[in-house]
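1. Okay, predicted coordinates and the sequence, questions at the end:
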Amino acid sequence: LEIVGDQTAPTPPTFGVTITADSVTVRGLAIYGFDSADVRVGPAGGLPFEGIVIEDNVIGATADSFADPGAASRSQLYNVYIEDAESGLPGAENRIRDNLIGFSHWTSVYLDTDTWGWIISGNEIRSPAPGGAREDAIRLQSSPNSGHTISGNLIADSPGNGIETFRSDGSHVIINNTVTGWGSGLTETSAIRLFGTNSVVEKNVISGGPGPGVIVVGERPLTSPWSASTGNRISQNQFGGNAGVAIDLIESNDDTTNHRLGDSVTLTPGTDATTGNSGIDAPIITSATTSTALGTSYANCDVEVYRAVAGAGDDSGGTDYGEGVAYLGTATADGAGDWTLSGITSLNPGDEVSAIAIDGSNNTSEFSANMTATTAFGPGGVTTVLGLWLRADIGVTTSGVDVTNWADQSGYGNDASQAAVGQQPDL
């Protein structure tokens with residue numbers, strides 16, 4: 001079934017499908033060309049709606065071709081607009097899944113106030129507002145608005161951000177998506193922009209954009225103020241080919257420009273509650289070989305190590321920072337902040353290595369300064385058949401003069417430890 005709004009009518013139809021009840025499924029439609037939204041959920045006169053499923057549709061294009069229907073036939077504002085709808089208990093979740101969505105004059109999927117817990121998964125969301133300035137593919141806006149899951153989508157070619165969480169409360173999970181080709185309007189240029197607190201951005205492929213991969217906004221103190229976004233975990237993503245830094249923690253600024261375009265590498269030492277993710281410092285890599293990376297960071301934090309390829313916008317003062325193109329593993333810093341990642345198998349001599357820190361509140365840093373990996377040599381120049389290498393100058397944890405742990409430098413992770421005080425060797 002194809003439902004088409006006639007934009008040549010004296011008064012074009014406002015909505016294609018409007019949902020104002022619980023437990024409604026919209027499936028198997030091609031729908032486009034409406035003045036406000038092709039599919040609208042809400043408003044509710046009482047409790048928010050739950051149990052709504054929008055699946056297996058073509059929204060914004062014809063039934064026989066997922067392509068721009070042309071300026072005269074496009075949906076004029078949104079493909080999908082939602083307010084007053086919150087997922088219920090298991091079995092009553094609200095879902096947008098397995099659709100082809102795109103080519104509206106504004107945002108493709110817009111979740112407005114009084115929304116919670118929507119699951120947006122398995123969709124291809126493409127080219128909202130062709131030729132536009134800052135229209136987003138997915139926009140989670142205003143408060144109350146929290147706890148949405150965006151997973152397994154292909155999000156491509158938006159003039160603005162790929163995923164925007166403008167003034168939302170946060171606690172979103174953004175996982176396993178591919179976001180590419182965003183920001184063509186050059187007004188808002190991040191693949192993902194985070195407001196609020198405690199969101200997770202994990203295992204996404206973020207590539208081919210004109211600005212940062214992930215922006216975490218800082219405080220806007222005066223004009224239409226907002227607080228810094230904090231507690232956001234940004235983990236195991238694959239960045240590449242972007243014209244801005246992979247992760248950009250924005251410092252406090254009343255000018256929206258930095259919050260929209262990024263402020264590049266932040267080198268101010270120490271944490272700052274007015275900076276995105278509290279301005280947590282990136283780790284320092286002190287040594288990197290093809291099998292082991294080590295360095296310093298915050299005590300007891302997680303340090304994720306990546307193979308890095310720097311591009312435009314990834315340098316400061318002639319030093320490259322990221323982008324992390326391949327996740328290599330996670331080390332945990334000890335109480336002194338020292339960390340070692342052994343057992344790396346996918347680096348070649350000359351590859352660049354970078355790292356991010358994640359503290360106990362899930363604040364995630366920008367990428368560290370890159371270091372070139374050298375060939376891993378064992379004692380006496382041994383490069384093969386080396387199963388264990390304990391060095392006196394690296395990887396030793398002591399209690400007084402007694403050695404409690406000794407990190408294997410061979411790359412195979414055969415670390416030595418001794419809990420019995422009387423049997424601990426002296427160093």
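-> Nice, thanks for sending it over.
2. What confidence value was assigned to F377?
-> The pLDDT attached to F377 in the predicted structure is 67.
3. cool, and the one 3 residues further on?
-> pLDDT for G380: 68.
4. so where is the stretch 301-427 of the chain shaky, pLDDT-wise?
-> When the per-residue scores of the stretch 301-427 of the chain are filtered using pLDDT under 70, the ranges that remain are 377-378, 380-386, 411-412.
5. ok, how many other residues are close to the residue lying closest to Y32 once chain neighbours are set aside?
-> For Y32, ignoring the flanking residues on the chain, the nearest one in space by Cβ to Cβ, 6 or more residues apart in numbering is G60 at 5.0 Å. To be clear about C-beta, it is placed using only N, CA and C from the backbone, and glycine gets the same treatment. The criterion is other Cβ atoms under 10 Å. On that basis, G60 has 33 neighbouring residues.
6. any idea how far G60 is from T11?
-> Between G60 and T11 the distance is 21 Å, computed by Cβ to Cβ, to the nearest Å.
7. Same check on G211?
-> Taking Cβ to Cβ as the measure, G211 falls 39 Å from T11.
8. Tell me how many other residues surround L154.
-> Based on other Cβ under 10 Å, the number of other residues close to L154 is 16.
9. In this structure it contacts E124, no?
-> Yes. Here L154 reaches E124: they are 4.6 Å apart, a contact under Cβ atoms under 8 Å.
10. What segments of the stretch 151-300 of the chain are helices?
-> Per DSSP state H, counting those that start in this stretch, the stretch 151-300 of the chain carries helices over the ranges 256-261.
11. residue ranges with poor pLDDT in it?
-> In the prediction, the stretch 151-300 of the chain carries no residues with pLDDT under 70.
12. For this structure, which residue occupies the most central location?
-> Within the chain, one residue has its C-alpha closest to the average C-alpha position: by Cα atoms, centre = their mean, that is V201, at 3.7 Å.
13. Isn't that residue up against A191?
-> No. V201 sits out of contact with A191 when judged by Cβ under 8 Å, with a separation of 9.4 Å.
14. okay, and the common contacts of these two?
-> Where contact means Cβ atoms under 8 Å, 6 or more residues apart in numbering, the residues bridging V201 and A191 through contact with each are V214.
15. Leaving out chain neighbours, which residue sits closest to E93?
-> Using Cβ to Cβ, 6+ apart and skipping the chain neighbours, the partner closest in space to E93 is S87 (4.2 Å).
16. which residues sit in contact with the one you found?
-> Shown in contact with S87 (Cβ under 8 Å, 6+ apart): E50, E93, N94, W116, G117, W118, I119.
17. How about G117?
-> The contact partners of G117, by Cβ under 8 Å, 6+ apart, come to E86, S87, E93, N94, G147, H148, T149.
18. Show me those that map onto strands.
-> Counted as lying in strands by DSSP state E, out of the contacts of G117, are E86, T149.
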